[in-house]
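**Q** sharing a sequence plus its predicted fold:
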Amino acid sequence: MQWVEYTIKTVVSEIDKISFILSENGFDSFEIKDDLGISPEDEKRMFTDIPGDVSHSEDVEFVVYSTEEETENKFSTGSSLRDDDLLETFHKTSIEETMKLLENALLEAYSDDASKRPSLSFKVRDDSEWKDKYKESFKAFRVTDDIVIKPMWEERPDFARDDDIVVTINPGAGFGTGMHDTTKLCLTALDSCMKSGDTVLDIGCGSGILGITALLKGAGYGVLMDIDELAIDNVTEDMELNDIKAGTYHAFRADILSETERVRDELKKVGVQKFDVVLANILADVIVLLCDVVRDFIKPGGYFITSGILIEKADEVREALLKNGFEIVKQTESGEWTSFLCKEN
């Protein structure tokens with residue numbers, strides 16, 4: 001089977017804008033590739049025994065995938081949460097029409113400044129390339145002092161210590177490997193605040209890395225939600241890969257912004273309506289909206305961990321958090337990204 005790879009080349013400052021353009025036009029599945037690199041200090045802390053790339057570039061690529069056999073493209077990015085009006089399904093008819101749709105969307109969005117308009121291209125790939133794509137780039141790596149993530153096709157890495165928590169992930173569906181700075185920021189914050197027995201809610205769970213790690217670290221119960229049913233299927237598979245019992249977690253499809261009451265009803269079924277820790281690794285604009293809703297799902301004194309926020313959007317998110325009564329315990333940055341560890345008072 002052949003599949004098509006559409007590539008939009010831009011820069012870091014345009015990430016939120018391009019993400020919105022793609023989502024608005026029905027592309028809810030896309031990969032963001034950057035070369036922001038890490039500092040030598042971060043490399044030593046997070047990638048023990050694995051050489052890191054310390055180069056730095058502002059260049060970013062958005063990659064959208066589709067196949068000739070698909071009648072519609074509607075997937076999750078793995079860490080996204082969208083309003084209903086952004087969930088219009090894009091019906092693919094041909095490469096030419098897809099390119100035309102993307103070209104027109106970019107022309108309109110950058111009509112006031114053509115110099116910033118991203119470039120657009122496509123390639124027709126073979127299925128055999130897709131099957132090996134992640135295996136080439138996804139290798140076991142250390143996230144925090146005691147958390148290691150590895151793909152399902154690798155054995156426990158030699159650099160993992162006996163007391164490390166090793167999270168096994170199948171990234172085949174494209175719902176996140178944990179290698180991005182935003183996920184690392186979330187896991188580091190989780191490491192600092194979660195206690196054994198805590199209840200944890202992961203909003204926009206993707207492959208389930210955050211929730212799985214929480215459970216492996218001793219969380220008493222985990223709830224994971226995503227707007228895409230395919231992501232939930234991926235979570236279930238990854239839970240099994242990590243020998244996590246079905247009775248210790250619940251995963252379901254929901255949009256907490258537009259389906260708040262349905263989410264409450266779903267939580268009543270499992271008997272957990274407020275959580276010790278809530279995680280949201282999604283876009284800054286969505287986190288701002290989420291701040292109005294999420295406090296109802298956090299226990300007094302509980303924690304709210306947010307990531308997926310470009311540094312230039314940090315003030316906007318900070319304002320929304322403070323406006324909704326959160327105490328900001330810590331703000332952490334990595335590359336071009338920032339994360340907030342907040343407490344519900």
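**A** Structure's in. What do you need? Numbers count the residues shown, from 1 in each chain.
**Q** where do the strands sit along the stretch 51-200 of the chain?
**A** 59-67, 119-126, 141-144, 147-151, 165-169, 199-203 (DSSP state E, counting those that start in this stretch).
**Q** comparing these, which comes out most buried?
**A** Of all these, strand 199-203 has the most neighbours on average by mean count of other CB atoms under 10 Å, namely a mean of 28. C-beta here means a position set from N, CA and C on the backbone, and glycine is covered the same way.
**Q** quick check: which helices or strands does the helix or strand just after that one pack against?
**A** Next along the chain after strand 199-203, taking DSSP states H and E as the criterion, comes helix 209-216. In terms of contacts (3 or more CB pairs under 8 Å, 6 or more residues apart in numbering; DSSP states H and E), helix 209-216 is packed against strand 165-169, helix 181-193, strand 199-203, strand 221-226, helix 229-241, strand 249-253, strand 275-281.
**Q** what average pLDDT does helix 209-216 get?
**A** Across helix 209-216, the average pLDDT comes to 94.
**Q** with stretch 116-127 instead?
**A** The model assigns stretch 116-127 a mean pLDDT of 82.
**Q** please apply the same query to stretch 298-305.
**A** On average, stretch 298-305 scores 96.
**Q** CA atoms only: put that stretch into CSV for me.
**A** Coordinates of the C-alpha atoms in stretch 298-305 are reproduced here as CSV (Å, rounded to 0.1, in the frame of the first residue of the first chain):
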residue,chain,number,x,y,z
ILE,A,298,-9.1,18.5,41.1
LYS,A,299,-9.1,17.7,44.8
PRO,A,300,-8.4,20.6,47.2
GLY,A,301,-4.6,20.9,47.4
GLY,A,302,-4.3,18.8,44.2
TYR,A,303,-1.9,19.5,41.3
PHE,A,304,-2.5,20.6,37.7
ILE,A,305,0.4,20.0,35.3
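**Q** export the strands of the stretch 51-200 of the chain to a markdown table and tack on distance to Ile282?
**A** Below are the strands of the stretch 51-200 of the chain laid out as a markdown table (distance: least, CB to CB, whole Å):
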| stretch | distance to Ile282 |
| --- | --- |
| strand 59-67 | 17 |
| strand 119-126 | 25 |
| strand 141-144 | 19 |
| strand 147-151 | 19 |
| strand 165-169 | 19 |
| strand 199-203 | 7 |
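**Q** my guess is Thr182 contacts Thr306. True?
**A** No. Contact between Thr182 and Thr306 fails when scored by CB atoms under 8 Å: they sit 9.7 Å apart.
**Q** more neighbours: these two, which one.
**A** The neighbour comparison of Thr182 against Thr306 (other CB atoms under 10 Å) goes to Thr306, with 32 against 25.
**Q** what is the subsequent helix or strand relative to the helix or strand where the more buried one lies?
**A** Here Thr306, judged by DSSP H and E, is contained in strand 298-310. Where DSSP H and E defines the elements, the next helix or strand beyond strand 298-310 is helix 314-323.
**Q** give the other helices and strands that that following helix contacts.
**A** So helix 314-323, by 3+ CB pairs under 8 Å, 6+ apart, packs with helix 284-294, strand 298-310, strand 326-334, strand 337-344.
**Q** next one: that helix to chain centre, how far?
**A** Centroid separation between helix 314-323 and its chain, computed with CA atoms, centre = their mean, to the nearest Å, is 20 Å.
**Q** what of stretch 99-110?
**A** Relative to the chain's own centre, stretch 99-110 is displaced by 25 Å; criterion: CA atoms, centre = their mean.
**Q** what's the mean pLDDT across stretch 62-70?
**A** Mean predicted confidence for stretch 62-70 is 66.
**Q** packing partners of the longest helix along the chain?
**A** Using DSSP state H, we find that the single longest helix of the chain is helix 95-109. Helices and strands touching helix 95-109, by 3+ CB pairs under 8 Å, 6+ apart, are strand 2-11, helix 15-24, strand 119-126.
**Q** where does the protein dip in pLDDT?
**A** Along the chain, segments meeting pLDDT under 70 span 1-2, 35-57, 67-93, 126-137, 171-180.
**Q** so the longest helix of the chain versus strand 2-11, what angle?
**A** 20 degrees (axes from the mean of the first three to the mean of the last three CA atoms, to 10 degrees).
**Q** thought Leu224 was touching Arg253, still the case?
**A** No. Contact criterion CB under 8 Å: Arg253 and Leu224 do not qualify, at 10.3 Å.
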